[in-house]
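Engineer: let me see the structure of the following:
(2 chains)
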Amino acid sequence: MTFTQSMTHSGSVTGVAPRARAANSPSPVRAGVLAMLPLLAGAVPLALVVGATVARHGDMLAGWSGSWLVFGGSAHVATLRTLDSSGAGIAIVTGLVVNTRLLVYSTSLARHWQGQPRWFRIASAGMIIDPSWAIAEQHAAECDDAATQRRHFLAAGFTLALAWTSMIAVGALLGAGFDWLNVDIVMPLALAGMLGQGLRVPTDRVVMGVAAATAYATRGFPNSTGMLVAVLAGIVAGAALPKADQR
Amino acid sequence: MIAVGAGSFAFRALPLLLLERRTLGPGADRVIRHAGTAALTAVVTLSATHSAQSGNPLPTLCSMVVALALASRRSSTLRILSAGGIVFAVTTWMVGAIAG
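Structural biologist: Numbering: from 1, shown residues only, chains lettered A, B, ... in the order given. A predicted model of the protein is given here:
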């Protein structure tokens, strides 16, 4: 991290410029790609399973289109499965309920992206999901330069998007060939790393404990509404903590 | 898919566009941060629960404990995946061996 000071016409110090990237630090594009690669280890098996689910629903092109339209494995699978059992209307509601957490992620990123241009806000919106949000949050804590944040997020987001959509296509083409693969454990292991920072903060530990317990207790709620309840419970738990303990 | 995709894009884009020139107060800022943490925790919990339901829950439980312990110590995602995967495989084998 380097600091620079700028001078007015009279030569007095005006202030400290935003921190710039050090000369020997990796490019933000490379850093974004490298940050996303380990998380692909969890996303790729899930994408293959999503692709296999797509294949079982007949219209592969329509099903595959969800890979870049919905851009979320849990919502994609929930929509397809609910389509079979309850019809299009309920399937749409289910998919949207599962993805309501994106409102939270996007609002969270809006705090860090105050200086970002509108084109970036629109372009980045399509790539906001759990791994890209977590990477962007971590990067924002280390760097507040708008251009660097832009390049880092777009690199990470495009890496995820490319891998995600292509692996769903592979899964759809190979179909039931992946039924033997026990991929269910891979996603929670991959996402567990993103919880590490919160585990070191007492306030966040309370929020996470309450959210986890509520999510487990409401796992049988219809149309994935239990997730919404868990988010609300976490918010209430965090707000209920004494102000002195709040971060 | 189009309807879910359009709605999902709206969820993602609206806050970014509405908060382009506005900032959240400290209270709202805290709520959003807690909500993000709670949402990610809920996703991890539900996906781990789904994994546990496919058989004996012990392998999932053991691997998640190891994964979260490593995560709290700033371990890399690859190390978490490797350690968690090994614990899951070993525990699955042990459970299978005990069950006969």
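Engineer: please enumerate the strands of chain A.
Structural biologist: Using DSSP state E, the strands found in chain A span residues A:5-7, A:13-16.
Engineer: now do the same for the most centrally placed residue in chain A: its pLDDT.
Structural biologist: Nearest to the geometric centre of chain A sits A:Asp130, at 1.9 Å (CA atoms, centre = their mean). Model confidence at A:Asp130, expressed as pLDDT, equals 86.
Engineer: what sits against it?
Structural biologist: Counting by CB atoms under 8 Å, 6 or more residues apart in numbering or on different chains, A:Asp130 touches A:105, A:191, A:194, B:40, B:43. For the C-beta atoms, the positions are set from N, CA and C on the backbone; glycine is no exception.
Engineer: in helices, which of the residues you listed appear?
Structural biologist: A:105, A:191, B:40, B:43 (DSSP state H).
Engineer: and of these, the nearest to A:Gly238?
Structural biologist: Nearest to A:Gly238 among the ones in helices among the contacts of A:Asp130: B:Leu40, at 13.6 Å, using CB to CB.
Engineer: neighbours around that closest one, how many?
Structural biologist: 26 (other CB atoms under 10 Å in any protein chain shown).
Engineer: equivalent analysis for the one 4 residues further on, please.
Structural biologist: When neighbours are counted by other CB under 10 Å, B:Val44 registers 26.
Engineer: may I ask which two of the contacts of A:Asp130 are separated the most?
Structural biologist: Farthest-apart pair in these is A:Tyr105 and A:Leu191; separation 13.2 Å (CB to CB).
Engineer: centroid-nearest residue for chain B?
Structural biologist: Closest-to-mean residue, chain B, CA atoms, centre = their mean: B:Val44 / 2.5 Å.
Engineer: how far away is that one from B:Thr77?
Structural biologist: For B:Val44, the distance to B:Thr77 equals 13 Å [CB to CB, to the nearest Å].
Engineer: please apply the same query to A:Arg118.
Structural biologist: Distance of A:Arg118 to B:Thr77, computed by CB to CB: 32 Å.
Engineer: swap in A:Val50?
Structural biologist: Separation of A:Val50 from B:Thr77 (CB to CB) stands at 20 Å.
Engineer: without its sequence neighbours, what residue ends up closest to A:Ser224?
Structural biologist: Nearest in space to A:Ser224, with sequence neighbours left out and distances taken as CB to CB, 6 or more residues apart in numbering or on different chains, is A:Val98 at 4.6 Å.
Engineer: next one, pLDDT for that neighbour please.
Structural biologist: With respect to pLDDT, A:Val98 scores 76.
Engineer: number of nearby residues for B:Cys62?
Structural biologist: B:Cys62 has 18 neighbouring residues, counting by other CB under 10 Å.
Engineer: tell me the helices in chain A, going along the chain?
Structural biologist: Per DSSP H, chain A carries helices over the ranges A:28-56, A:60-69, A:73-86, A:88-98, A:101-112, A:118-125, A:130-142, A:146-174, A:186-192, A:196-199, A:202-217, A:225-240.
Engineer: same question, chain B
Structural biologist: Under DSSP H, chain B gives helices at B:2-18, B:26-52, B:58-72, B:77-99.
Engineer: would you list the ones you listed in a markdown table and tack on distance to A:Arg56 and mean pLDDT?
Structural biologist: Formatted as a markdown table, these follow (distance: least, CB to CB, whole Å; pLDDT from 0 to 100):
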| stretch | distance to A:Arg56 | mean pLDDT |
| --- | --- | --- |
| helix B:2-18 | 18 | 88 |
| helix B:26-52 | 18 | 83 |
| helix B:58-72 | 25 | 93 |
| helix B:77-99 | 26 | 89 |
